[in-house]
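Asker: With the sequence up front, the predicted model follows.
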Amino acid sequence: MQLAQPLYQPAAPLAGEQGSVVYPAVKRLIDLGAALLLLTCLLPVMALCALAVLLETGFPIFFRQVRVGEGGRHFTMLKFRSMVADADPRLHQQYVTAFIEGTAAKAGGEVYKLVGDPRVTRVGRFLRRTSLDELPQLWNVVKGEMSLVGPRPPIPYEVEQYRPADLGRLRAKPGITGLWQVSGRSRTTFAEMVEMDLRYIRTRSLALDLSILLMTVPVVFARAGAH
């Protein structure tokens, strides 16, 4: 499927952004190799996750959602389905609007994900708490739509509410994990999340990527900020 045209004209490099010809190529090789290895090693775990979803709520097993990637291009992100089939997106859309506007904190905490979402299934809650629902995104990494490390890919209706400065998040390929996830995960304001993503883009390097990957492991096991 052909990717959609960018939603915006790619912004100029961020102030202080480091440029490198070697880094993107090496990072892509690492992403591809690591994603294929992880998909192979975690196949039994993924099969169990798929079976759990199937036994509780039937098909579809995977949740497919259009996200905005590098340069504003659309792609379809994969997850194990953690909500009831055909869940109404309006609840999340309303929350995202409040989160970006900074009013979500007044309603119950500065949390990126909607807490206590009634659409989430019992198996889905477990998959989310353990981050196992994210494993299918390794296929997005293989396809080159995502990276192991980078900003989280937003939903189109989120990007529609971005200020010009916020669009800087789209200068990098989105990642399964990133500086935001290991620094505060979901317990941050929207402004703090953007600031961390822009900081990553300005200073990204193989050493920083490796550091973030290593920090991701204890964060996942601690289930910090997972909902």
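Answerer: Thanks, I have it. Residues are numbered from 1 along each chain as shown.

Asker: what packs against the biggest helix by length in the chain?
Answerer: In the chain, assigned by DSSP state H, the helix with the most residues is helix 22-41. Other elements packing on helix 22-41 under the criterion 3 or more CB pairs under 8 Å, 6 or more residues apart in numbering; DSSP states H and E are helix 137-142, strand 147-149, helix 206-222. Where you see a C-beta, it was placed from the backbone N, CA and C, and this is true even at glycine.

Asker: Could I get the average pLDDT for the first one?
Answerer: Predicted confidence along helix 137-142 averages 98 (mean pLDDT).

Asker: follow-up on the earlier one: which helix or strand lies directly C-terminal to the longest helix of the chain?
Answerer: On the C-terminal side of helix 22-41, the closest following helix or strand by DSSP states H and E is helix 43-57.

Asker: Quick one: mean pLDDT over that next one.
Answerer: When pLDDT is averaged along helix 43-57, the result is 97.

Asker: quick one: the next helix-or-strand element following it to helix 43-57, angle?
Answerer: Downstream of helix 43-57, the next assigned helix or strand under DSSP H and E is strand 62-68. Strand 62-68 runs at 100 degrees relative to helix 43-57, counting by axes from the mean of the first three to the mean of the last three CA atoms, to 10 degrees.

Asker: contacts for strand 62-68?
Answerer: Here strand 62-68 makes contact (CB atoms under 8 Å, 6 or more residues apart in numbering) with 7, 74-83, 133, 136, 153-156, 158-159, 170, 174.
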